[in-house]
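**Student:** can't give you the sequence, but here's the structure:
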């Protein structure tokens with residue numbers, strides 16, 4: 001039998017932690033001397049201590065660890081548990097990475113004297129989402145609304161989210177052509193529709209900002225986005241996008257909200 005100090009030293013844990021594990025019923029000593037209350041540990045208990053340390057390192061709470069040890073998991077159950085924990089940690093890592101990128105973006109948008117640009121430009125990843133779209137060549141941007149009308153005539157409105165979106169694969173008004181893909185986001189996947197594109201949009205890293213007001217003044221927002229992306233040493237990775245958020249009724253053009261997205265690397 002080992003003294004608590006010997007067991008702590010060999011197991012790379014503090015005496016205080018061992019006493020606490022005993023108090024909460026996580027790891028009790030093999031024997032307690034009645035006369036003085038001294039704790040004695042068996043070398044066989046190193047295996048249980050190692051389990052506790054391993055689960056702690058994976059981010060499990062002591063309460064969770066106690067429940068896991070009481071269940072006496074089979075190898076198959078342990079594997080399933082660790083796979084589930086892996087996915088939780090991956091999701092947390094993605095969220096924390098996104099937060100860090102947004103903080104970095106905001107910091108870069110604030111100059112040394114504390115001033116900041118008019119637009120708040122940030123980074124995030126767009127989610128995977130079922131969509132339906134139609135893509136055509138247009139002569140001017142006013143025809144984008146007609147493209148949405150063509151698309152929505154063939155869709156059940158109950159399957160649609162409120163937002164619209166457009167991907168501009170090629171932007172050249174006047175003598176050139178505007179290659180535009182009008183998109184509606186779906187609440188759930190639907191069967192293929194002849195003449196329309198039904199697919200799952202991919203997760204994409206974008207720099208984005210919000211433009212308030214009519215399309216007449218959106219050019220300044222695009223210019224600010226372009227300057228910001230160049231200043232941060234990013235590169236455009238795919239076609240630029242716009243997401244149109246529904247405006248309150250009878251509020252006029254000043255309430256229009258457009259999310260401008262630049263896919264970046």
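**Tutor:** Yes, it's here. A quick note: this is a predicted structure, and the numbers were derived from the prediction, not measured. Residues are numbered from 1 along each chain as shown.

**Student:** what strands line up against the one helix or strand residue 200 maps to, and which way round?
**Tutor:** Mapping residue 200 onto the secondary structure by DSSP states H and E places it in strand 197-201. Counting by DSSP bridges, the strands paired with strand 197-201 are strand 129-138 (antiparallel).

**Student:** for the next helix or strand after the strand holding residue 200, the distance to its chain's centre please.
**Tutor:** Along the chain past strand 197-201, the next helix or strand (assigned with DSSP H and E) turns out to be strand 204-212. With CA atoms, centre = their mean, to the nearest Å as the basis, the distance from the averaged C-alpha position of strand 204-212 to the chain average is 15 Å.

**Student:** same question for stretch 140-159.
**Tutor:** 30 Å.

**Student:** again with stretch 40-59
**Tutor:** Using CA atoms, centre = their mean, the mean C-alpha position of stretch 40-59 is found 34 Å from that of the whole chain.

**Student:** repeat that for stretch 196-209.
**Tutor:** Stretch 196-209 has its C-alpha centroid displaced from the chain centroid by 14 Å (CA atoms, centre = their mean).

**Student:** pull out the buried residues from it.
**Tutor:** Judged by neighbour count using 16 or more other CB atoms under 10 Å, the buried positions of stretch 196-209 are 196, 201, 204, 205, 206, 207, 208, 209. C-beta coordinates here come from the backbone N, C-alpha and C atoms, glycine included.

**Student:** with pLDDT and distance to residue 37 added, can I get those residues in JSON lines?
**Tutor:** Rendered in JSON lines, the data for the buried residues of stretch 196-209 read as follows (pLDDT from 0 to 100; distance: CB to CB, whole Å):
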{"residue": "196", "pLDDT": "95", "distance to residue 37": "77"}
{"residue": "201", "pLDDT": "94", "distance to residue 37": "65"}
{"residue": "204", "pLDDT": "94", "distance to residue 37": "63"}
{"residue": "205", "pLDDT": "93", "distance to residue 37": "59"}
{"residue": "206", "pLDDT": "94", "distance to residue 37": "63"}
{"residue": "207", "pLDDT": "92", "distance to residue 37": "63"}
{"residue": "208", "pLDDT": "91", "distance to residue 37": "63"}
{"residue": "209", "pLDDT": "89", "distance to residue 37": "66"}
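
**Student:** just the strands from the stretch 1-150 of the chain, written as ranges.
**Tutor:** Remark: strands of the stretch 1-150 of the chain, listed N- to C-terminal, are 2-3, 31-32, 39-41, 122-126, 129-138; assignment by DSSP state E, counting those that start in this stretch.

**Student:** of those, flag the one that's most buried.
**Tutor:** Most buried of those by mean neighbour count (mean count of other CB atoms under 10 Å) is strand 39-41; its value is a mean of 19.

**Student:** show the average pLDDT along it.
**Tutor:** Confidence over strand 39-41 (mean pLDDT, whole number) is 92.

**Student:** list the contacts of that strand.
**Tutor:** Outside of strand 39-41, the residues within contact range by CB atoms under 8 Å, 6 or more residues apart in numbering are 1-4, 6-7, 18-19, 22, 29-33.
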